[in-house]
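S.K.: Predicted structure and sequence below. I'll ask about it afterward.
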Amino acid sequence: MEIEDRKAAMGFEKVRLHTIPAVVAEQIEIAIHLGRFPVGSRLPSEAKLAAEMGVSRPSIREALSALRAAGLIESRRGSGSYVLRAPSVESSNTGSRLREHRERYLSILEARAAVEPPIAGLAASLATDQDRHTLQKIIADMQHLVEAGEIDGYLSVDKSFHLAVAGATQNVLLVESLAPLVSYMDESLYRVFARHEYLTSFAEHRRVVEMHATVCTAICESNPQKASASMERLWTQTREIWEA
């Protein structure tokens, strides 16, 4: 939605679309551009934004996180969110980028769900003692980071786990093929999604680690069937979480 087509809409609209956080981010961005919230001003509270737009507070949080990732706002502890800069017409696209990112992630998820189970099965057949030790160490690091609440650190180690599984196949082409599919985990908008849709609670975060640990155990037991099935279950449940 172009900003110039919305100049008359100084108020927020009720949001009824499936991609709610993207629409919320777009409306806030437009309001900043139109001067409702000048640079340096404080945005309304999450509760007020949620009430005005007719959406949940988690949707507001995700939208604000996307705007922070875009460098438009900043959060000040105990004070709220403040406008850092006004977007130009050309660069004002946080909402559309959020929608595009969601669609791209689901495509990547489908690709990984197709290729990683057989990779895990092959890893269970070919992993060396060093490979097993590496995977066990990564799982221990994941568990530690979950307990510490370090989501960014956890996501980096999660990426290392999947690449290590591919490495345990002793096939460099499989590692090189998987690498582009896991590189998105370094993107700021992916981390917005991870915080607000995937790793939404301590219990959910621990459950995700346990699914990874099950894959690791199967590989360390040299059980290809179990390793493949465990990886398939991990991606099936991951998709269910993201599409809920």
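M.R.: Looks like it arrived, so ask away. Values in this document were obtained by computation on a predicted structure and should not be read as measured data.
S.K.: CA only for contacts and neighbour counts going forward, please
M.R.: OK.
S.K.: before we move on, what SS does the closest residue to I138 other than its chain neighbours have?
M.R.: If the residues on either side of it in the chain are set aside, I138 comes closest to F161, at 6.2 Å by CA to CA, 6 or more residues apart in numbering. Three-state secondary structure (criterion: DSSP: H, G, I helix; E, B strand; the rest coil) places F161 in helix.
S.K.: what's the residue lying closest to S222 once chain neighbours are set aside in contact with, if anything?
M.R.: Leaving out its chain neighbours, the residue that sits closest to S222 by CA to CA, 6+ apart is A124, at 4.5 Å. By CA atoms under 8 Å, 6 or more residues apart in numbering, the contact set of A124 is 168-169, 218-224, 227.
S.K.: any idea how far the residue nearest to I138 lies from L67?
M.R.: Look at F161 and L67: by CA to CA, to the nearest Å, they are 30 Å apart.
S.K.: now do T128
M.R.: For T128, the distance to L67 equals 45 Å [CA to CA].
S.K.: cool, V175 as well?
M.R.: Distance of V175 to L67, computed by CA to CA: 34 Å.
S.K.: Looking only at neighbour counts, state which of the two leads.
M.R.: Remark: of V175 and L67, L67 carries more neighbours, 23 against 19, as counted by other CA atoms under 10 Å.
S.K.: By mean pLDDT, which helix or strand of this structure comes out lowest?
M.R.: Among the helices and strands of the chain, helix 188-193 carries the lowest confidence by mean pLDDT, DSSP states H and E, at a mean of 71.
S.K.: From the chain's centre, how far out is stretch 161-170? Work that out for me.
M.R.: Remark: stretch 161-170 is offset 22 Å from the chain centroid, using CA atoms, centre = their mean, to the nearest Å.
S.K.: longest helix in this protein, by residue count?
M.R.: In the chain, with assignment by DSSP state H, the single longest helix is helix 94-126.
S.K.: Tell me how many other residues surround E204.
M.R.: By the criterion of other CA under 10 Å, E204 has 13 neighbours.
S.K.: same check, this time on L49
M.R.: Neighbour count of L49, defined by other CA under 10 Å: 18.
S.K.: can you pull out the strands in the protein?
M.R.: Secondary structure of the chain (DSSP state E): strands at 73-76, 80-83.
S.K.: From V175, how far out is the spatially closest residue to T200 that is not a sequence neighbour?
M.R.: In space, and not counting its chain neighbours, T200 is closest to A194: 7.7 Å by CA to CA, 6+ apart. A194 is 24 Å from V175, where distance means CA to CA.
S.K.: Then R132?
M.R.: For R132, the distance to V175 - CA to CA - is 16 Å.
S.K.: ok, T214 to A120 distance?
M.R.: 11 Å.
S.K.: An error on my part: the question was meant for I241.
M.R.: In terms of CA to CA, I241 sits 22 Å off from A120.
S.K.: mean confidence score for stretch 72-84?
M.R.: Mean pLDDT, computed over stretch 72-84, is 90.
S.K.: repeat for stretch 109-122
M.R.: 95.
S.K.: any low-confidence regions in the protein?
M.R.: Counting by pLDDT under 70, the chain has low-confidence residues at 1-18, 88-99, 189, 196-198, 242-244.
S.K.: how does it look with 50?
M.R.: Residues of the chain meeting the criterion pLDDT under 50: 1-3, 6-9, 15-18.
S.K.: which stretches of it form helices?
M.R.: 20-33, 46-53, 57-69, 94-126, 129-148, 151-167, 172-182, 188-193, 202-220, 224-243.
S.K.: what's the first one packed up against?
M.R.: It stands for helix 20-33. Helix 20-33 sits against helix 57-69, helix 94-126, with contacts defined as 3 or more CA pairs under 8 Å, 6 or more residues apart in numbering; DSSP states H and E.
S.K.: Perfect, I'm done here.
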